[in-house]
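J.: okay, structure incoming, though there's no sequence with it:
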């Protein structure tokens, strides 16, 4: 899934010299805030999924990562010794945020809990185009026993699908974890962009909170608005995921709040460290690790920052739509293979 060699070959074959023209090798002195960040947290996250990078260029690095010292200086020196910072594509970047919601729900339907989340239908194959969101919400899967849980609010069902994972607190106090199991094969379409097109909101007014509020205030047209995104996500139960662990990302490992990043693996390899310089009301300059993907995350300078679990994380994530710059850290030989002029 986005391993370094596959990324490198795909990038070169897909766009050849044009990609090289859009890549630039930097020094660590060029990274704004590099000396102020505590890279120990990023090193720990990198170690968590490093064993999944099977290409030979990563093997020695992963061994050294396991032996890297515990001080901020030694963690920083590890990255400076084995990597080169590489800007791919043309900034400014676009950063958004996502989180793991905590919702109330039930394992059985009731007047209060009437909106299902579904497990993956057994006939659905990867890449196959299945029922649209409108068809599923209209009952296309009803009665098949695919319901994993029932939630209070169709808007929360929609946003649970956008986030891709969640915690559901049952009436008896138990909490179940659910994670991404597949999608229906339809393209993701931005509800926020549709609101702008319809004239209900201006670009600066669109946020997750604004979408929630508008749909709840306009239930009929609101549900029609949500259906303009035909993409639909299916879930699976995660019974063995410890409460202190984050949700499962695209690499099959738990992701970490404020250190894990969702990227487009066609441009940035999963498992790679990525330095972000996010502007906006809450600037963020720190080292993160590409451990996840998303249907709306397309392009070399596009990323979704994982903000953690719960309402506070959701409030922070929902307000992010900022520019800045992404800088991927690649093993030295891979960096210079992609950009030999450097």
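T.: Sure, I can see it. Fair warning: this is a prediction, and the values are worked out from it, not measured in the lab.
J.: how is residue 333 assigned, secondary-structure-wise?
T.: Secondary structure, DSSP: H, G, I helix; E, B strand; the rest coil: residue 333 is helix.
J.: for residue 242, see how far away residue 317 is.
T.: 22 Å (C-beta to C-beta, to the nearest Å). Every C-beta, even on glycine, is put in place using the N, C-alpha and C of the backbone.
J.: pick out whichever of those two has more residues nearby.
T.: Legend: neighbour count by other C-beta atoms under 10 Å for residue 317 and residue 242, higher for residue 317 (23 against 8).
J.: how about the more buried one, secondary structure?
T.: Residue 317 ends up helix, using three-state DSSP.
J.: list the contacts of it.
T.: 96-99, 208, 305, 307 (C-beta atoms under 8 Å, 6 or more residues apart in numbering).
J.: check which residues of stretch 24-36 are buried.
T.: 24-26, 28, 31, 34 (16 or more other C-beta atoms under 10 Å).
J.: possible to save those as a markdown table with pLDDT?
T.: As requested, the buried residues of stretch 24-36 are exported to a markdown table (pLDDT from 0 to 100):
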| residue | pLDDT |
| --- | --- |
| 24 | 90 |
| 25 | 93 |
| 26 | 95 |
| 28 | 97 |
| 31 | 98 |
| 34 | 97 |
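J.: save those residues as JSON lines, and put in distance to residue 281 too.
T.: Formatted as JSON lines, the buried residues of stretch 24-36 follow (distance: C-beta to C-beta, whole Å):
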{"residue": "24", "distance to residue 281": "28"}
{"residue": "25", "distance to residue 281": "31"}
{"residue": "26", "distance to residue 281": "26"}
{"residue": "28", "distance to residue 281": "27"}
{"residue": "31", "distance to residue 281": "22"}
{"residue": "34", "distance to residue 281": "22"}
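J.: so which of the residues you listed are in strands?
T.: Judged by DSSP state E, strands contain the following of the buried residues of stretch 24-36: 24-25.
J.: now, among the buried residues of stretch 24-36, which is nearest to residue 66?
T.: residue 28 (21.9 Å; C-beta to C-beta).
J.: verify the contact between that closest one and residue 34 for me.
T.: Yes - using C-beta atoms under 8 Å, residue 28 is in contact with residue 34, at 5.5 Å.
J.: and the residue nearest to residue 207 when sequence neighbours are not counted, how many neighbours?
T.: Closest residue to residue 207 apart from its sequence neighbours, by C-beta to C-beta, 6 or more residues apart in numbering: residue 318 at 5.4 Å. Residues near residue 318, counting by other C-beta under 10 Å, number 20.
J.: dead centre of this protein: give me the residue that sits there.
T.: Centroid check for the chain by C-alpha atoms, centre = their mean gives residue 262 as the closest residue, at 3.2 Å.
J.: show me where the stretch 1-150 of the chain has its strands.
T.: In the stretch 1-150 of the chain, the segments counted as strands under DSSP state E, counting those that start in this stretch are 23-25, 83-88, 94-100, 102-106, 115-118, 147-151.
J.: now for the third one, which elements pack on it?
T.: Contacting strand 94-100 under the criterion 3 or more C-beta pairs under 8 Å, 6 or more residues apart in numbering; DSSP states H and E are the following elements: helix 154-163, strand 165-169, strand 302-309, helix 311-318, strand 321-322.
J.: repeat that for 6 Å
T.: Counting by 3 or more C-beta pairs under 6 Å, 6 or more residues apart in numbering; DSSP states H and E, the packing neighbours recorded for strand 94-100 are strand 302-309, helix 311-318.
J.: ok, the last one next?
T.: For strand 147-151, the packing partners by 3+ C-beta pairs under 6 Å, 6+ apart come out as strand 102-106, strand 115-118.
J.: given the longest one, what are its sheet partners and their directions?
T.: This points to strand 102-106. Applying DSSP bridges, strand 102-106 is found paired with strand 147-151 (antiparallel), strand 165-169 (parallel).
J.: and residue 89, how far from residue 302?
T.: For residue 89, the distance to residue 302 - C-beta to C-beta - is 9 Å.
J.: residue 105 too?
T.: 32 Å.
J.: looking at the two, which has the bigger crowd around it?
T.: A direct count of neighbours by other C-beta under 10 Å for residue 105 and residue 302 places residue 105 higher, at 27 against 20.
J.: all set, thanks.
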